[in-house]
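Asks: 3D, please:
(one chain, ligands or ions: 2)
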Amino acid sequence: MTNTAIPTQAELILPAPAKLNLMLHILGRRADGYHELQTLFQFLDHGDELGFSVRQDGEVRLHTPIDGVPHDSNLIVRAAKRLQEASGKKLGADIWLDKRLPMGGGIGGGSSDAATTLLGLDHLWNTQLGEDRLAELGLALGADVPVFVRGRAAFAEGVGERLTPVELDEPWFLVAAPQVFVSTAEVFGSPELTRDTPPIKVRSLLAGGGRNDCQPVVEKRYPEVRNALILLNKFVQARLTGTGACIFGSFPNRDDADKVARQLPGTLPSFVAQGRNISMLHRRLQALAKK
Ligand SMILES: C[C@@](CO)(OP(=O)(O)O)[C@H](O)COP(=O)(O)OP(=O)(O)OC[C@H]1O[C@@H](n2ccc(N)nc2=O)[C@H](O)[C@@H]1O
Ligand SMILES: Nc1ncnc2c1ncn2[C@@H]1O[C@H](COP(=O)(O)OP(=O)(O)O)[C@@H](O)[C@H]1O
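Replies: Ligands and ions are numbered 1, 2, ... in the order given. Predicted coordinates for the structure are as follows:
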């Protein structure tokens, strides 16, 4: 397949997969206002794609702008510059992005782009920083970046930085994207948000259960999300990922998920993808390391 967003001269092309929060509990609020969470992350085999080439002049240039996101605020550029600082490398990069994931949807596109940039440039610049340091750099960019750097499905605690890898089933998911922007800050700032869910052990979670504590708040404040949940719930148990707006349901095989996708209205864009315990990014990097 040709990729028009990424030119053939790119030295390295890597995926930036989406994630789902299969459950998300809010345990409390810290002194700095951030919320303590317990959440279960799994990757999808669907995502953005990034192309990278080394520049000798030290400049970082993203050639595919995102509407509404200034060049230097893009998480890709911020990740590249943090890596330059931390590694002391004088090299730069030309970067291209094929944006396929809906933005601000709770499926982690921006965080995943940042992690792919950290790992892609770590490879091309040969920084030798190691995964722990890269995850630390990622955390400074966003709470969801470390799980993408580690690349293993995980039970996350704290604000998402304490990760316990888990082995989950890998079902097919139908992910639908209500056409509304949900503000993460608004959801966490809502007086009606449940903030006192008791902590659970990863073992009991894997036995089934869990919910998304943000869902009632988002359903109440965003009718587009509530209506999409009502619709998808006619076919499968539907749930919010992160703070939304995306919702998902799981299926034992691709055909069943596709059948439901075909019955959704054109006003509710969706995609079908398989859950993955090892991210596509890590699979690709492992394959490169073997060459
Ligand atoms: C809750 C999750 C679950 O995956 O939601 P999604 O972004 O994926 O939907 C993430 O951890 C989101 O992390 P992150 O992406 O870093 O959050 P930001 O957009 O920076 O947060 C915006 C605002 O939400 C609040 N916030 C965010 C995360 C958190 N654990 N507690 C909070 O109180 C803070 O007020 C923060 O300023
Ligand atoms: N490379 C990027 N891709 C997507 N969003 C980005 C990027 N860089 C910065 N952003 C900003 O981050 C916000 C959240 O993006 P995203 O990661 O897609 O959502 P979520 O955190 O809900 O999963 C966007 O609305 C945008 O303003």
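Asks: hang on, Ala16 packs against Ser112?
Replies: Yes. Under the criterion of Cβ atoms under 8 Å, Ala16 makes contact with Ser112 at 4.1 Å. For every residue, glycine as well, the C-beta is placed using N, CA and C.
Asks: what about the residue of the stretch 51-200 of the chain found nearest ligand 2, distance to Gly138?
Replies: Closest approach between the stretch 51-200 of the chain and ligand 2, counting by Cβ to the nearest ligand atom: Gly110, at 2.8 Å. Shown here: Gly110 relative to Gly138, a distance of 12 Å by Cβ to Cβ, to the nearest Å.
Asks: neighbour count: those two, which is higher?
Replies: Gly138 (28 against 25; other Cβ atoms under 10 Å).
Asks: now for Ala16 and Ser112: what residues contact both?
Replies: Shared between the contact lists of Ala16 and Ser112 (criterion: Cβ atoms under 8 Å, 6 or more residues apart in numbering) are residues Gly47, Asp48, Leu101, Phe148, Leu281.
Asks: mind putting these in a markdown table, pLDDT, secondary structure and neighbour count included?
Replies: Output for the shared contacts of Ala16 and Ser112, formatted as a markdown table (pLDDT from 0 to 100; DSSP: H, G, I helix; E, B strand; the rest coil; neighbours: other Cβ atoms under 10 Å):
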| residue | pLDDT | secondary structure | neighbour count |
| --- | --- | --- | --- |
| Gly47 | 98 | strand | 28 |
| Asp48 | 98 | strand | 21 |
| Leu101 | 96 | coil | 22 |
| Phe148 | 98 | helix | 29 |
| Leu281 | 98 | helix | 23 |
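Asks: can you name the two of those that are farthest apart?
Replies: Leu101 and Leu281 (13.6 Å; Cβ to Cβ).
Asks: neighbours of the closest residue to ligand 1 within the stretch 101-250 of the chain, how many?
Replies: Per Cβ to the nearest ligand atom, the residue of the stretch 101-250 of the chain with the smallest distance to ligand 1 is Gly242, at 2.4 Å. Around Gly242 sit 24 other residues, with neighbours defined as other Cβ under 10 Å.
Asks: hmm, Cys214 and Leu240 touching each other?
Replies: Yes. Between Leu240 and Cys214 there is a contact at 6.3 Å, judged by Cβ under 8 Å.
Asks: so between those two, which is more surrounded?
Replies: Leu240 (30 against 27).
Asks: specify the beta-bridge partners of that one.
Replies: Ile247 (DSSP bridges).
Asks: tell me which parts of this protein are close to ligand 2?
Replies: By Cβ under 6 Å from any ligand atom, the part of the chain that sits against ligand 2 consists of 66, 69, 74-76, 103-111, 113, 242.
Asks: PyMOL command for the buried members of these?
Replies: Those of those that count as buried under 16 or more other Cβ atoms under 10 Å are selected in PyMOL with:
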select buried, resi 66+74+75+76+104+105+106+107+108+109+110+111+113+242
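Asks: confidence-wise, which of the residues of the chain next to ligand 2 comes last?
Replies: Here the lowest pLDDT out of the residues of the chain next to ligand 2 sits on Gly104, with 86.
Asks: burial measure for the spatially closest residue to that one that is not a sequence neighbour, as a count.
Replies: Nearest residue to Gly104 in three dimensions, chain neighbours excluded: Phe181, at 5.2 Å (Cβ to Cβ, 6 or more residues apart in numbering). By other Cβ under 10 Å, 13 other residues sit near Phe181.
Asks: was I right to think Phe181 contacts Gly106?
Replies: No. Phe181 lies out of contact with Gly106 (Cβ under 8 Å); the separation is 11.0 Å.
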